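Peer 1: let me see the structure of the following:
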Amino acid sequence: MDLLIDSIFSAFLLVVARDPELLNIVGVSLTVSCGATLIASCFGLPCAFFISFKSFAGKAFLITILNTLLALPTVVIGLLVYSFISRRGILGPLDLLYTQKAIIIGQVILIFPVITTLTIAAISRIDKRYRQTALTLGANEFQVVKVIFREARYGIIAAIIAAFGRVIAEVGISMMLGGNAKGFTRTMTTAMALEYDKGEFVLAVALGGVLMSMAFLINMLFHFFQGRGDQHAV
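Peer 2: Numbers count the residues shown, from 1 in each chain. A predicted model of the protein is given here:
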């Protein structure tokens, strides 16, 4: 019990003192997670609107696949990407392995289904009369998308926030593809795992506190925008 109390107190001092190693690790985590979220959003949002607006063979099956991918283990993604970017892989000459870019690639694959499926759900809650009215008034497809995007914006923002929360707390992809290199690819979760293995709890507890604070803020934002989206849909 004394060890836990001492570790928490020392961790609090590290955070207050803005320890350089702590800030570097948090910075790496935010860099790769924000990058992955941005890239996944650029691909996921257009796909969600396409799937929502278009009728095509296999649409229901595609949505089922996306929903299934929500439960895809990070270790599986790490192995898949590793097979492509390792020295013997197709993308081996690009030297992506054990870099932040490798982590971002894996995290994009992880959260692409999250953003796509939650955005589809947000769009589906919008009254279909919005789209029908826009088409009746002579709006083209791009203008219709703008109308629906504006009406579903809170749900879409909630989807992006949920995706960011997914990647900021993941460890498998970061460990397997980033290599946990100090100052380069060491994220909060991989640093916590390393410090635990070493029996050093102060930095691990400090990082855990920062991560939990971020998780709390992310969840607060998610529920706020999700609630606004539900109210707006009604």
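Peer 1: quick one: contacts for the closest residue to G178 other than its chain neighbours?
Peer 2: Distances taken as CB to CB, 6 or more residues apart in numbering put T185 closest to G178, at 3.3 Å, once the chain neighbours are dropped. Any C-beta I mention is one placed from the backbone N, CA and C, and that applies to glycine too. Listed by CB atoms under 8 Å, 6 or more residues apart in numbering, the contact set of T185 reads 28, 98-100, 103, 174, 178-179.
Peer 1: least confident of those?
Peer 2: Checking pLDDT across the contacts of T185, the minimum falls on G179 at 90.
Peer 1: got the contact list for it?
Peer 2: G179 neighbours (CB under 8 Å, 6+ apart): 97-98, 185.
Peer 1: rerun that using 7 Å as the cut-off
Peer 2: With contact taken as CB atoms under 7 Å, 6 or more residues apart in numbering, G179 is in contact with 98, 185.
Peer 1: pull the number of nearby residues for the closest residue to Y196 other than its chain neighbours.
Peer 2: In this structure, Y196 finds its nearest non-sequential neighbour in A204, 5.5 Å apart by CB to CB, 6+ apart. For A204, the count of nearby residues is 21 (other CB atoms under 10 Å).
Peer 1: shouldn't A204 be in contact with L194?
Peer 2: No. Proximity of A204 to L194 does not meet the contact threshold set by CB atoms under 7 Å, at 8.3 Å.
Peer 1: name the element the residue nearest to Y196 belongs to?
Peer 2: A204 belongs to helix 202-233 when assigned by DSSP states H and E.
Peer 1: again, but for G106
Peer 2: helix 100-124.
Peer 1: buried stuff in that helix?
Peer 2: 100-123 (16 or more other CB atoms under 10 Å).
Peer 1: which residues touch A40?
Peer 2: 108, 111-112, 115, 163.
Peer 1: buried residues in stretch 92-102?
Peer 2: Those would be 96-102, for stretch 92-102 by 16+ other CB under 10 Å.
Peer 1: same check on stretch 204-215?
Peer 2: Buried-residue list, stretch 204-215, by 16+ other CB under 10 Å: 204-208, 210-211, 214.
Peer 1: and the residue nearest to Y196, what pLDDT?
Peer 2: 85.
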